[in-house]
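Peer 1: here is a sequence together with a model predicted from it:
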Amino acid sequence: MGISRLKAIILFILYGFSLVSCQNKKMEEKYSWSGTISAPQEYPMEIYSGGIIANGFTYGFDAIWGTQNTGWGNEGGTMSVETQQMEIPHRLEFTWYSLVERKFFTGKWDLDQENISRLFKEGFIDQDTKKKTTYSNFVVGLAPKGRVVLWINGPGNQKEVGVFQAHDTIITQEKAYENAKYMLKEGFADRMLNDPSYETFKPELKARIEKEGYPSPEIYDAFREKYNWKPVVLLPEGGEWIDFGFNNYNGEQENLFGESLKENTYKKRAVPKFCGFYWQDKDKNRYAVWIDSFNEKEIFDLFQKSGKEKNIDLTIKINSDNSAATISLKSENEELPVTKAKIRLSRKIE
């Protein structure tokens, strides 16, 4: 064997070791993260068991989490864990009881580790600290008919990283573990849904359900439809736009400020559910504007009418003393007024 060929083989072997080392290092990257539950307000879910699973660590869920219905995309509680740094999880397992549907659902799913790892690495700038940070929480969304969505979140930011389908299952009193047997008691779901002493529903939500019925389970698919839009704020002469935070119906959340506000561009986003921002006038007086909620039917109809093929400006125009705002969707050759949103405007912020 010639010397040059021997060198080539040695280099190949060294490269192989280097590649394996890099891959192992990549998989061993660790972050501090925890987990929580999200379920629609109208569809409370009772947690039976589950886990967000990484190499050497499982963030577990069981009946101690109880009934969850904080609102779609909204965090429930969290529980502290002893391990401070964990690898990116590779699997999600979950079993729960849907009180309205009177069914147990269960499933096991592989996670897109590569995408989640990329997002953790990219991170984002925290508006409060002005420093780069990253995501710190996984949110497991449980919706009717066994729909499951997984989000990751951090200050002012939440992104969808997985959508899954569970299947219904049967769990009996005999099969259930001790702390979960209460779910199988006769009349449990009826008590949780109808007995005011349990406070599962706020009075106004209960009244709406009694009047209109439960939302169609299919809306949690419709919530994920995306349009190419960006926010646009029109201010009085000399006014300066400071930031823009918003939550979308699909549970995602963004916070634009500084460079991200300057670079504000059209992106595929779900329909907005809430938004708010600060601005200052030419004399440096500061004001706030909050669109606490859009009318769901109106805003979806307007986005659908604008179309997925067009660039859409969610336009908010403010008058000189921050006492009135008008909202519209602007696309090429068309402007559609938004008339049913609930808007709050601040006085001058001292």
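Peer 2: Noted; the coordinates are in hand.
Peer 1: what's the burial count for residue 80?
Peer 2: Neighbourhood size, residue 80 [other Cβ atoms under 10 Å]: 5. Backbone N, C-alpha and C define where each C-beta goes, glycine included.
Peer 1: ok, now which ones touch it?
Peer 2: Neighbouring residues of residue 80 by Cβ atoms under 8 Å, 6 or more residues apart in numbering: residue 34.
Peer 1: any idea how far residue 216 is from it?
Peer 2: Going from residue 80 to residue 216 by Cβ to Cβ, to the nearest Å gives 38 Å.
Peer 1: repeat for residue 87
Peer 2: For residue 87 relative to residue 216 (Cβ to Cβ), the value is 39 Å.
Peer 1: higher neighbour count, these two?
Peer 2: Legend: neighbour count by other Cβ under 10 Å for residue 87 and residue 216, higher for residue 87 (17 against 10).
Peer 1: any idea what the more buried one is bridged to?
Peer 2: residue 30 (DSSP bridges).
Peer 1: quick check, pLDDT for it.
Peer 2: pLDDT recorded at residue 87 is 97.
Peer 1: so it sits right up against residue 29, yeah?
Peer 2: Yes: in terms of Cβ atoms under 8 Å, residue 87 counts as a neighbour of residue 29; the distance is 6.9 Å.
Peer 1: where exactly do the helices run in the stretch 251-350 of the chain?
Peer 2: Ranges of helices within the stretch 251-350 of the chain are 258-262, 296-306, based on DSSP state H, counting those that start in this stretch.
Peer 1: so of the ones you listed, which one's packed in deepest?
Peer 2: Among the helices of the stretch 251-350 of the chain, helix 296-306 has the highest mean neighbour count (mean count of other Cβ atoms under 10 Å), at a mean of 16.
Peer 1: tell me what that one is packed against?
Peer 2: Here helix 296-306 touches strand 226-234, strand 325-331, strand 334-338, going by 3 or more Cβ pairs under 8 Å, 6 or more residues apart in numbering; DSSP states H and E.
Peer 1: any idea of the mean pLDDT in the shortest one?
Peer 2: Taken as a whole, strand 334-338 has an average pLDDT of 97.
Peer 1: kindly report the same for stretch 43-59.
Peer 2: Mean predicted confidence for stretch 43-59 is 97.
Peer 1: list the buried ones in that stretch?
Peer 2: 43-54, 57-59 (16 or more other Cβ atoms under 10 Å).
Peer 1: and which of these is nearest to residue 92?
Peer 2: Of all these, residue 52 has the smallest distance to residue 92: 5.9 Å, by Cβ to Cβ.
Peer 1: ok, now which ones touch residue 116?
Peer 2: Counting by Cβ under 8 Å, 6+ apart, residue 116 makes contact with 88-89, 152, 161.
Peer 1: from those residues, which land in strands?
Peer 2: Secondary structure assignment by DSSP state E places 152, 161 of the contacts of residue 116 in strands.
Peer 1: which one (most neighbours) among the contacts of residue 116?
Peer 2: residue 88 (25 neighbours).
Peer 1: quick check: it touching residue 31?
Peer 2: Yes: judged on Cβ under 8 Å, residue 88 makes contact with residue 31 at a distance of 7.2 Å.
Peer 1: reformat the helices and strands packed on helix 296-306 as CSV; add distance to residue 73 and mean neighbour count.
Peer 2: Listed next are the helices and strands packed on helix 296-306 as CSV, based on distance: least, Cβ to Cβ, whole Å; neighbours: other Cβ atoms under 10 Å:
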stretch, distance to residue 73, mean neighbour count
strand 226-234, 15, 18
strand 325-331, 22, 18
strand 334-338, 21, 14
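Peer 1: distance check, the nearest residue to residue 251 once chain neighbours are set aside against residue 115.
Peer 2: Closest residue to residue 251 apart from its sequence neighbours, by Cβ to Cβ, 6 or more residues apart in numbering: residue 73 at 2.6 Å. Using Cβ to Cβ, we find residue 73 at a distance of 19 Å from residue 115.
Peer 1: again with residue 237
Peer 2: 44 Å.
Peer 1: look at the two and report which has more neighbours.
Peer 2: Neighbours per residue (other Cβ under 10 Å) separate residue 237 from residue 115, with residue 115 holding more: 14 against 7.
Peer 1: tell me which element the more buried one is part of?
Peer 2: Remark: residue 115 resides in helix 113-122, with elements defined by DSSP states H and E.
Peer 1: and that helix, how far from the chain's centre?
Peer 2: Centroid displacement of helix 113-122 relative to its chain, using Cα atoms, centre = their mean, to the nearest Å, is 16 Å.
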